[in-house]
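In: for reference, the sequence and a predicted model appear below.
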Amino acid sequence: MRRPLLSAALLGSSLLSLSVQADTPPENDLPDVRFSAAFFVDGVAYDATKDLTVQDSLGIYNVHGSHGHEGEGEGGHSHSHGGSLDKGLNLNNAEAAFGVLAPGWLDGRMNLSMSSDGLELEEAWLRTQFLPGGLQLKAGKMLSDIGYLNNKHPHAWDFVDQALPYQMLFAGGLNGTGVQLNWLAPTPFHLRFGVEALTGGNEGIAASIGPTSNDETGEPIYFDSKGNWPNVWTAFAKMGGEIAPNHEVLGGLSWVRSDLHQELHEYHPGINDATHGLQGEASMFGVDMLYRYDAPGEGGVGDFSLQGEYWLQNKDMSLVYHELKPKLVGQPRDLTVDSAYIQALYGIFPRWKIGARIESAGMTHEASRANATFGPTNTSTFDNLDRISAVVTWNISHNQLLRFQVSNVSGSFAEAVAGMEKEQAVHKTYNEFFLQYQISFGTHGAHGF
Amino acid sequence: MKSNTLLSAAAAYLGLLLSFSAQALDILTTTASLGALTREIGGDQVKVSVMAPPDRDPHDLTAKPSLLSLARSADGLVSIGAGLEEGWLPAVLEQAGNPRIQPGQPGALIATQHVELIKETREGNPFFGHIHKQGNPHIHMDPVRMASMATTLGEWLAHLDTPHAAEYRSRAQQSAQRLLAFSQKASAQLQGAPGVVLYHEDALYFLTRFNIPLLGTLEPSPGVPPSATHLQELMQALRGKRGVVIRAPYQADDGAAMLAHELGWKAVALPMEPAANADLQGYLAMLELWVSTLAKQP
C-alpha cells in the first residue's frame, strides 16, 4: 500500500478503490499543539594544576591565543563551555529550551543560553512536518547537524567539556542562521542526507574581521567585509541501523565549506615575528562513528557506547597584510590541521556510568606556502595538543546528575624567556578536575540518538 | 514492432504498479502487545513492526536511527499514549518526515484515547519520579480492554485499507471474543489468588481486572528506584500476610528478592510483553503465564 496514490493516479479511476481512503475515520485522535519549556542549570567546581586552557595552546588551530586575534565572529561563538572555567565554583551554564510541536505541520525550538559571556540565542528554528517522502526543511538559527556532537547542547554531553575537534577547530561548534534540507531515504537501514546554507561567523572557519588597522602603527588592513548572505555550506550523510537487537550503529560523513575566513595574527615576540592578516576560504571534512548497546539491566546497567570523530580542516588563504614585508601580500598560505576524539561509556551500576575519552588536535599540522618563491612547506614546530579524560556520572534522578571528571592535557604553550622580552613554545602538561552538578526542570523535546 | 515493445513495456510497468498496490499495509506499533493484536487482525494484508523490544523498559528507549527509518515508511502507527512513549516517540516522529503517522492524522492510533484509564492518585515530586498525569498507561495487561482495542483496531485498519475492511472487522471480532473468553476463564482460575507487590504499577490493569489486591510497589513513587526506607515500610505493613512479589525481567531483582525473603514469599520475574513477532496466541500465552503463576501461589 506504500504507493497506492501514485498508482491510482497513473492507472485512472478504475483502480481508485485501491487507494488509501481520504475519509476521516470515525474517531480521529485530536492533534494537540504541544508547547514545552525546560530549564537547565549547571554548576562546576573546577581546579587545575596550571593556569592554562586548551585555547592557550600554540598551533595553527589557535586563532584566539597567543597569536592574537581580534576577529569578532557574529553569532560564531556557541556553547564553547568547559574551556573557560575559573578555578573554584562556576555557574557553567544556564539554559532555557522552548519547543513547539504541531503534528503534521511544524515543530520548532528555541534555546537560550546564559553563561559568563552573557545571554545568547543558541537556536530558534522552525521545521516542516508536512512534507512527504522523508523530506524536511528547517529554517532559522540552528546548530548544524554535521558530525555527531555538533548539535548536542551542553546538558546532553557525556563529559563536562566539549570534545577537542569542536573546541579547537569549530571554536565551540558550527551554528548559523539559514536553511537546512534533510532527506531520510526509504531504505530498510538508516540513510539520511542533508545540506545546509548558513550565515555565520564561526571563529574556527568563518571568522570575519572586516576592514581594520594595525593597533601599533595605525596602518590599514584591507580585509573584505562579509555580507549577510549564506557563507557557510555543509553537506552530510548518515548511515546506520540495528545490527542485532539492541545493538545500534551510526556512521556519518560531513563536509563544510566557508567562503570567507579571516585571521589577524598579532606580533608576539618569539612566537610570531610580525603582525599579519590572512584571508581566504576554509573547508572541513569529518567522519563520525557510533556504536551503542542497550543492555537489559535496570537503570542502564551494562549499557555500552563507543564513539569517535575525525575532522580535517584546510584553510586556503593568502596574506592581505604583513607589517614587515608588504611585498608578501597576495602570497598563499595553506593551513591544514586535524583533530579527533574517541570515547567509551559503560553503565556500571544502576544510574552510574563510567567513561574515558582520548583526544588530539594537530596530528596533521602543516602551514604550506605553496607557489611561493621561497619558503618550503612547513610542518608546524608545535606539538600536538593531547587530552585524556576519565569520567564518572551519577544520574541521581531523571532530572539531576553529578559528574566527576579528571583530564590530563599536554601540548605546546608559550612561556616567557628569562631576561628577554619574548616568549618561546614549551611543552607543558597539566591536570584538570571537574565536579559538575546539573538539574533540569520542565519537559523538553526528547533527545535524539 | 516498436509500438509492440512499448506496449509490452507499459504492460510490465502496469503490472509492477499493481504489485506495489497489492503490497501489505506497513504498520508500526510501539509495544509488542499492540503488535500482536495488530498482526492478528491485519492478517496477510498487514506487515507489523514493533518499536520497543519486549525485554526492555518501554519508558526508556531512545530515538534510534533504526526507529527513524521504520517510521519514515510506515502507513500507520499504533501507540499506547498517556505518556508511556513520551521520552522517545515524539523525537522519532519529529525526524521521520512522515506526516501520515503523526498524532491527529488518519494513520495514527493512540490506544489510551480509546479505553478508560485508571487514574493516578499518587502525588509526584519535582525532583524524583515520573507521574503519568492522564492515568496509568499500561492498559495492555487487561484482556478486556484489549478486546475493546481489537474492535478499535479493526475499524482503524478498515479505514486505512477499505478493500479489506470486511476481513479486518471479522478478525477483530474473533480476536475480541477470544480475549473475552480468556478473561472469563482466567477469572475463575484466579479466585482466591494472593495479593501482589509489583515493582512498578505496570500490571495494575491485570490485577484490577481479576480482583487481585495490589499490596504495594517496590518503587516509592513511579520511576523512583526502591529505597531501603520504603522496603522497610513495606515489610512492616505486609508481615504476616500472604502474597507474591512480581517484577519484569528488566527491573532490578535485589529489592524484590529481599522483600520476598523477609516475608517468606516468592519473588517472580514475569514478562510484560510477548515476543516482538507474536500474534494473539503469543499475547495470550504471556497473560497465561501470569494466571498460572498467581493461581498456584499458596
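Out: All right, it came through fine.
In: burial of the residue nearest to residue A:270 when sequence neighbours are not counted, as a residue count?
Out: Nearest residue to residue A:270, sequence neighbours excluded (CB to CB, 6 or more residues apart in numbering or on different chains): residue A:422, at 3.4 Å. C-beta here means a position set from N, CA and C on the backbone, and glycine is covered the same way. For residue A:422, the count of nearby residues is 11 (other CB atoms under 10 Å in any protein chain shown).
In: residue A:422 against residue A:272, yeah?
Out: No: look at residue A:422 against residue A:272 with CB atoms under 8 Å: they stay out of range, at 10.5 Å.
In: can you give me the end-to-end distance of stretch A:220-235?
Out: One end of stretch A:220-235 to the other measures 37 Å (CA to CA, to the nearest Å).
In: run through who's touching that stretch.
Out: Residues outside stretch A:220-235 that contact it (CB atoms under 8 Å, 6 or more residues apart in numbering or on different chains): A:144, A:146, A:174, A:176, A:178, A:193-202, A:205-206, A:208-214, A:254-260, A:262, A:264, A:277, A:279, A:320-321.
In: now do that stretch, average pLDDT.
Out: Stretch A:220-235 comes out with an average pLDDT of 92.
In: buried sites along that stretch?
Out: A:221, A:223, A:226, A:230, A:231, A:232, A:233, A:234 (16 or more other CB atoms under 10 Å in any protein chain shown).
In: now do the residue nearest to the first one when sequence neighbours are not counted against residue A:266, distance only.
Out: Read that as residue A:221. Among residues not flanking residue A:221 along the chain, residue A:321 sits closest, at 4.3 Å (CB to CB, 6+ apart). In this view, residue A:321 and residue A:266 are 11 Å apart by CB to CB, to the nearest Å.
In: tell me which helix or strand comes right after the helix or strand of chain A with the lowest mean pLDDT.
Out: The weakest-scoring helix or strand in chain A, judged by mean pLDDT, DSSP states H and E, is helix A:4-11 (a mean of 39). Following helix A:4-11 in sequence order, the next helix or strand is strand A:34-48 (DSSP states H and E).
In: residue A:321 and residue A:266: which has the busier surroundings?
Out: With neighbours defined as other CB under 10 Å, residue A:321 and residue A:266 compare such that residue A:321 has more, 23 against 18.
In: in whichever helix or strand the more buried one is part of, what's buried?
Out: Counting by DSSP H and E, the element that carries residue A:321 is strand A:304-322. Of the residues in strand A:304-322, A:304-305, A:307-322 count as buried by neighbour count, 16+ other CB under 10 Å.
In: in its sheet, which strands sit next to it, and in what direction?
Out: Sheet pairing here is set by DSSP bridges, and for strand A:304-322 it gives strand A:276-293 (antiparallel), strand A:332-349 (antiparallel).
In: look at the residue of the stretch 101-250 of chain B found nearest chain A and give its secondary structure.
Out: Nearest to chain A in the stretch 101-250 of chain B, going by CB to the nearest CB, is residue B:104, at a distance of 2.5 Å. Put simply, residue B:104 is coil when judged by DSSP: H, G, I helix; E, B strand; the rest coil.
In: can you pull the pLDDT of it?
Out: 89.
In: and residue A:260, by the same measure?
Out: Residue A:260 is given a pLDDT of 93.
In: try the one 10 residues further on
Out: At residue A:270, the predicted lDDT confidence score is 82.
In: with residue A:58 instead?
Out: Among the per-residue scores, residue A:58 holds a pLDDT of 86.
In: how about the backbone phi and psi for it?
Out: Torsion angles at residue A:58 (phi, psi; degrees, to the nearest 10) stand at phi -90, psi 140.
In: that one: how many residues sit nearby?
Out: Other residues near residue A:58 come to 26 when the count uses other CB under 10 Å.
In: ditto for the one 3 residues further on
Out: When neighbours are counted by other CB under 10 Å, residue A:61 registers 29.
In: which ones are touching it?
Out: Contacts for residue A:61 (CB under 8 Å, 6+ apart) come out as A:168, A:169, A:204, A:313, A:337, A:339, A:361, A:362, A:385.
In: got it, and residue A:348?
Out: A:301, A:354.
In: what do you get for residue A:215?
Out: Counting by CB under 8 Å, 6+ apart, residue A:215 makes contact with A:266, A:275.
In: for the residue of the stretch 251-400 of chain A found nearest chain B, what are phi and psi?
Out: Chain B sits closest to residue A:298 of the stretch 251-400 of chain A, with a gap of 4.2 Å, by CB to the nearest CB. Backbone torsions for residue A:298, taken as degrees, to the nearest 10, come to phi -80, psi 140.
In: give the helix, strand or coil label for the spatially closest residue to it that is not a sequence neighbour.
Out: Closest residue in space to residue A:298, ignoring its immediate chain neighbours: residue B:252 at 4.2 Å, by CB to CB, 6+ apart. Of the three states, residue B:252 takes coil under three-state DSSP.
In: give the burial count for residue B:252, as a bare number.
Out: By the criterion of other CB under 10 Å, residue B:252 has 17 neighbours.
In: do the same with the one 4 residues further on
Out: The criterion is other CB under 10 Å. On that basis, residue B:256 has 24 neighbouring residues.
In: got the contact list for it?
Out: Going by CB under 8 Å, 6+ apart, residue B:256 touches B:197, B:199, B:218, B:245, B:246, B:247, B:267.
In: SS state for it?
Out: With three-state DSSP as the basis, residue B:256 sits in helix.
In: and it, how far from residue A:438?
Out: Per CB to CB, residue B:256 is found 31 Å from residue A:438.
In: what are the buried residues along stretch B:255-268?
Out: B:255, B:256, B:258, B:259, B:260, B:263, B:265, B:266, B:267, B:268.
In: I'd like those as TSV, with pLDDT appended.
Out: Formatted as TSV, the buried residues of stretch B:255-268 follow (pLDDT from 0 to 100):
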residue	pLDDT
B:255	92
B:256	94
B:258	94
B:259	95
B:260	95
B:263	95
B:265	95
B:266	94
B:267	96
B:268	96
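In: closest one of those to chain A?
Out: For the buried residues of stretch B:255-268, the residue nearest chain A by CB to the nearest CB is residue B:255; the value is 10.0 Å.
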